[in-house]
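A.B. asks: here are the coordinates; sequence isn't available:
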């Protein structure tokens, strides 16, 4: 009788622990998604504000005109037409490497602030899409990307299938895309650009599901608050990058050019 009673206590205790882990995991994942969503919001606002101040419809305030008729203000000419454009393009890349390699030595508040700064810098870099694509097509593509991302991330969170085998293949795909994009800078091939966009959508769709599962598996109930906070930030950064890249590649398909 004593053995059965002890077993029942162990089962009940295990069930309570399981509930606690589930609640902790949900709170952790919600924190990841909230940080990521805040980052996307900062990026979107920064991109829109910079684009508004960098372009003008008044010829009197324009200092340069693009081939598609877009007129640039002094700010736009500096950001998009001077050597500073390389700083604008490469600064977010430098920041993401800094955050990835230094996050273990940073406080949670410092890491989160660095992420917000990175998201704002990415917004400045992405503001140039308003020079190429119509505002309505950018908005439409954003919502299509958001719906796709949500479905893919939900699959990665709920599936019982181990997606770890996809990881090395997808990372190789990312490096392949980078090489192809660099090559196409010189070739200027529309066919290669179309192929890169298609492969890019597939690669980052897969990474969205894969990263979500990996972020979920990073959770550990016994983590200290600081450790859990850093894990949430690095997880948000991974999903943020998946979303941004998925959006940019989908924009090549769905975006209407000016």
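C.D. replies: Okay, I see it. From a predicted model like this one, the values you see are computed outputs, not experimental measurements.

A.B. asks: what's the helix or strand for residue 26?
C.D. replies: Residue 26 is part of helix 2-54, with elements assigned from DSSP states H and E.

A.B. asks: Averaged pLDDT, that helix. What do you get?
C.D. replies: Across helix 2-54, pLDDT averages out at 76.

A.B. asks: Likewise for stretch 216-233?
C.D. replies: Mean predicted confidence for stretch 216-233 is 92.

A.B. asks: Contacts for the very next helix or strand once past the helix holding residue 26 next, please.
C.D. replies: Past helix 2-54, further along toward the C-terminus, the next helix or strand under DSSP H and E is strand 55-56. Strand 55-56 has contacts (CB atoms under 8 Å, 6 or more residues apart in numbering) with 62, 70, 71, 72, 73, 76, 130, 131. Any C-beta I mention is one placed from the backbone N, CA and C, and that applies to glycine too.

A.B. asks: Distance of the residue lying closest to residue 243 once chain neighbours are set aside relative to residue 139?
C.D. replies: Computed as CB to CB, 6 or more residues apart in numbering, the closest residue to residue 243 that is not its neighbour in sequence is residue 149, at 5.3 Å. Separation of residue 149 from residue 139 (CB to CB, to the nearest Å) stands at 16 Å.

A.B. asks: Apart from its neighbours in sequence, what residue is nearest residue 124?
C.D. replies: residue 50 (5.2 Å).

A.B. asks: Wait, that neighbour touches residue 79, no?
C.D. replies: Yes - assessed by CB atoms under 8 Å, residue 50 is found in contact with residue 79 at 7.2 Å.

A.B. asks: Give me the common contacts of those two.
C.D. replies: In terms of CB under 8 Å, 6+ apart, residue 50 and residue 79 are both contacted by the residues 124, 127.

A.B. asks: quick revisit: residues contacting the residue nearest to residue 124?
C.D. replies: 75, 79, 123, 124, 127.

A.B. asks: what's around the residue nearest to residue 243, how many residues?
C.D. replies: For residue 149, the tally of surrounding residues (other CB atoms under 10 Å) stands at 23.

A.B. asks: how about the strand or helix carrying it: buried residues?
C.D. replies: Secondary structure from DSSP H and E places residue 149 in helix 135-158. Neighbour-count burial for helix 135-158, counted by 16 or more other CB atoms under 10 Å, picks out 137-138, 140-142, 144-145, 148-149, 152-153, 155-156.

A.B. asks: which helices and strands sit right next to it?
C.D. replies: The helices and strands touching helix 135-158, judged by 3 or more CB pairs under 8 Å, 6 or more residues apart in numbering; DSSP states H and E, are helix 190-218, helix 225-254.

A.B. asks: quick one, that helix and helix 225-254 angle?
C.D. replies: 130 degrees (axes from the mean of the first three to the mean of the last three CA atoms, to 10 degrees).

A.B. asks: Mind listing residues that contact helix 135-158?
C.D. replies: By CB under 8 Å, 6+ apart, the residues outside helix 135-158 that reach it are 29, 44, 129-130, 163, 205, 208-213, 216, 239, 242-243, 246-247, 250-251, 254-256.

A.B. asks: list the helices and strands the following helix or strand past it packs on?
C.D. replies: Sequence order places helix 164-187 as the next helix or strand after helix 135-158, per DSSP H and E. Contacts defined by 3+ CB pairs under 8 Å, 6+ apart place helix 164-187 against helix 190-218.
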